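Asks: okay, structure incoming, though there's no sequence with it:
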């Protein structure tokens with residue numbers, strides 16, 4: 001009887017040794033560089049691809065919904081701190097209606113920023129690739145398109161600026 005507590009502890013420790021390891025692999029987007037993509041620009045005629053991204057600049061991909069208040073707020077913050085993004089190219093894409101994307105583009109005056117490209121993703125490529133659950137989803141890539149950081153939801157602007165400098 002006096003060895004029963006020790007036996008119980010020993011059995012418990014032995015059972016935990018046989019517990020399954022976490023077998024969920026990391027998402028593919030964390031393992032590979034920014035893939036090839038194509039999005040339709042607001043002019044409704046031009047397709048923008050990875051080849052069009054400026055060389056030797058970090059890339060910030062923001063997948064957004066034009067109706068999302070968090071996305072609207074994040075866009076306002078980016079506009080207010082645009083000087084902090086001078087060494088980056090921002091690619092803002094939405095899988096939602098082209099017309100809403102164009103209205104969003106015009107409402108926020110995004111055409112005035114040379115380092116912001118807004119596009120429509122009719123194939124839902126980015127939402128599937130990033131396995132998105134919420135808008136906005138932001139992925140920051142280095143100059144060689146290796147992933148640096150992702151954000152689900154609306155991160156503080158200071159967190160974004162830390163990765164784009």
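Replies: That came through, no problem. Only a predicted model underlies this, so the values are computations on that prediction, with no experimental measurement involved. Numbers count the residues shown, from 1 in each chain.

Asks: residue contacts, the nearest residue to residue 46 once chain neighbours are set aside?
Replies: If the residues on either side of it in the chain are set aside, residue 46 comes closest to residue 40, at 7.4 Å by Cβ to Cβ, 6 or more residues apart in numbering. (Each C-beta comes from the backbone N, C-alpha and C, glycine too.) By Cβ atoms under 8 Å, 6 or more residues apart in numbering, the contact set of residue 40 is 46-48, 98, 119-120, 122.

Asks: what's the pLDDT at residue 131?
Replies: On the pLDDT scale, residue 131 is placed at 93.

Asks: isn't it right up against residue 27?
Replies: Yes. Here residue 131 reaches residue 27: they are 5.7 Å apart, a contact under Cβ atoms under 8 Å.

Asks: how about the strands in this structure?
Replies: 38-40, 47-49, 58-63, 88-94, 116-120, 137-141, 147-152 (DSSP state E).

Asks: closest one to residue 127 among those strands?
Replies: strand 58-63 (6.3 Å; Cβ to Cβ).

Asks: who's in contact with the closest one?
Replies: Residues contacting strand 58-63 (Cβ under 8 Å, 6+ apart): 34, 53, 71, 74, 85, 87-95, 121, 126-127, 130, 132, 135-143, 145, 148, 160, 163-164.

Asks: residue contacts, the closest residue to residue 151 other than its chain neighbours?
Replies: Excluding the flanking residues, the one nearest residue 151 by Cβ to Cβ, 6+ apart is residue 138, at 4.3 Å. If you count contacts by Cβ under 8 Å, 6+ apart, residue 138 has them with 60-63, 74, 150-151, 155, 160.

Asks: buried ones among these?
Replies: Buried subset of those (neighbour count, 16 or more other Cβ atoms under 10 Å): 60-63, 74, 151, 155, 160.

Asks: residue 81: which of those is nearest?
Replies: Distances from residue 81 to the buried ones among the contacts of residue 138, taken by Cβ to Cβ, are shortest for residue 160, at 8.2 Å.

Asks: check the gap between that closest one and residue 154 for me.
Replies: 10 Å (Cβ to Cβ, to the nearest Å).
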